[in-house]
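Visitor: Provide a 3D model corresponding to the input given below.
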Amino acid sequence: MKIAILVSLFPPKWLAGTEIATYNTAKHLAKRGHEVHVITSLDEGLPKESMEEGFHVHRIRRRKVRYLGVISFWLKTPLVLRTIEPDIVHSQDIIMGMPGLVAKTFFSKKFVVCGRGTDVNNPGLFMKPLSRLVLGNADAVIALTEDMRKKMQRNCNRDISVIPNGLNLEKFENLSRDETQSKNEKLIIFVGRFRPEKGVKYLIEAMNIIIQHVQPVKLILVGEGPEEEKLKQLVGQFNLGRFINFVGQIPNEKVPQYMVTAYVFVLPSLCEGFPNVLLEAMGSGLPIVATNVCGLPEIIRDGENGFLVEPKNPGQIAENVSLLLEDDELREKISKNNKEKARKYSWDSVVDRLEEVYLRHL
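Guide: Got it, this is the predicted structure:
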């Protein structure tokens, strides 16, 4: 099967959930003998055409103007699709569904669209009519969680498959949990973009409470983003500099090495799709404290593989993190549960389900 995957941004420059998931989807489809073409934006210093782990990457130059950039991508993508002649077009979010719709309308191509997160949970002014148009005309629609499926169906009442993100289990097979690597400090870790919707400021506020109950303790913040300076100012305001370490963005393959030295992973988001980082925390055997938003309760079972807290609530974050740091038996139990639960999300399992969707509509 010849498959074209459309995604706005792509590694190596971009390493958020959709980008990492797209890379792994393409890699695992190519391993199964499919001819896979990823069509994405051109980043400075990268070639327009390349091969990566068995799949083709086509990078399109787009204008750096908010709406004109998207529209220019929409207009150029069908021209690339015309040269590839794929059997199926897979759009990795609703906005990227527009060139898929063009390919269906003018080139009679089958197209699949996957709701990824912000396009479903926090749609902008123009997203509702765009979403109705794309979802209503796609040959198949995919959501990452049951929560996202219900939200999409409110906008377009049709069958929607639920297929989560996957996890490269082999990255964790030779890693063992070794909390002694943290040099007797109880490490808490966050990995993600520093954006308002990630709620990192509430985790920093929670640290101001945690240090009053647990010592020695340190919070490791892995990532970068537009809120970084504000967050550093907040750390200074609370005089938490010696308790919080900003390590910057790291290559995705090194994330497990950071996680296995930690005691607890915290995701204080105000809104989420299906964050890959939760799967990585589970694969690392980390207990998780996450907010009770969107589809996260489908991944985190309270008391089983972590704890759910209300968004914007530093007190609840601090209470549950402190409990996990102080209760070795509970932490070990949840760690084992997470290692086992992570097996359900292997990329082989995810791609099996994706292939079923493709074949059903060809």
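Visitor: What residues sit buried inside the lengthiest helix in the chain?
Guide: The residue-count maximum for a helix in the chain (DSSP state H) belongs to helix 66-84. Neighbour-count burial for helix 66-84 flags Val70, Ser72, Phe73, Trp74, Lys76, Thr77, Pro78, Val80, Leu81, Ile84 (criterion: 16 or more other C-beta atoms under 10 Å). (Glycine included, C-beta is placed from N, CA and C.)
Visitor: now swap in stretch 103-116 and tell me
Guide: Neighbour count says stretch 103-116 has Ala103, Lys104, Lys109, Lys110, Phe111, Val112, Val113, Cys114, Gly115, Arg116 buried, by 16+ other C-beta under 10 Å.
Visitor: In contact with the third one, which residues?
Guide: For Lys109, the set of contacting residues under the criterion of C-beta atoms under 8 Å, 6 or more residues apart in numbering consists of Leu81, Pro86, Asp87, Ile88, Val89, Gly100, Ala103.
Visitor: wait, the fifth one sits on Leu81?
Guide: When you say that, I think you mean Val89. Yes - if you go by C-beta atoms under 8 Å, Val89 and Leu81 touch, sitting 6.5 Å apart.
Visitor: what sits in contact with each of those two?
Guide: Common neighbours of Val89 and Leu81 (criterion: C-beta under 8 Å, 6+ apart): Ala4, Pro99, Ala103, Lys109.
Visitor: quick one: the strand or helix carrying the second one to chain centroid distance?
Guide: Taking DSSP states H and E as the definition, Pro99 sits inside helix 97-107. A distance of 26 Å separates the centroid of the chain from that of helix 97-107, by C-alpha atoms, centre = their mean, to the nearest Å.
Visitor: Would you map the strands across this protein?
Guide: 2-6, 35-41, 49-52, 55-60, 88-91, 110-115, 140-143, 161-162, 186-191, 217-222, 244-248, 264-267, 288-291, 306-309 (DSSP state E).
Visitor: circling back: elements contacting the helix holding Pro99?
Guide: helix 66-84, strand 88-91, strand 110-115, helix 127-137 (3 or more C-beta pairs under 8 Å, 6 or more residues apart in numbering; DSSP states H and E).
Visitor: hmm, who's touching the longest one?
Guide: So that's helix 66-84. Identification of contacts with helix 66-84 by C-beta under 8 Å, 6+ apart yields 2, 4, 6, 8, 37, 39, 41, 58, 60, 62-63, 89, 95, 98-99, 102-103, 106-107, 109.
Visitor: what's the burial count for Ala325?
Guide: Small correction: residue 325 is Leu, not Ala. Leu325 has 20 neighbouring residues, counting by other C-beta atoms under 10 Å.
Visitor: which residues does it contact?
Guide: Leu325 makes contact with Lys186, Ile188, Ile210, Val214, Val217, Tyr263, Val264, Arg331, according to C-beta under 8 Å, 6+ apart.
Visitor: Determine which two of those are furthest apart.
Guide: Among these, the pair separated by the greatest distance (C-beta to C-beta) is Ile210 and Arg331, at 14.8 Å.
Visitor: Neighbour count: those two, which is higher?
Guide: Ile210 (23 against 20).
Visitor: was I right about the more buried one contacting Leu323?
Guide: No - counting by C-beta under 8 Å, Leu323 is not a contact partner of Ile210; they are 10.6 Å apart.
Visitor: got the residue ranges for the helices in the stretch 201-350 of the chain?
Guide: Ranges of helices within the stretch 201-350 of the chain are 228-237, 255-259, 276-283, 314-326, 328-342, 347-361, based on DSSP state H, counting those that start in this stretch.
Visitor: low-confidence ranges in the stretch 101-250 of the chain?
Guide: 123-125, 174-183 (pLDDT under 70).
Visitor: now do 80
Guide: Across the stretch 101-250 of the chain, the ranges flagged by pLDDT under 80 are 117-119, 121-127, 173-184.
Visitor: ok so, going back, to Ser349, which of the strands of the chain lies closest?
Guide: Per C-beta to C-beta, nearest to Ser349 of these: strand 161-162, 13.1 Å.
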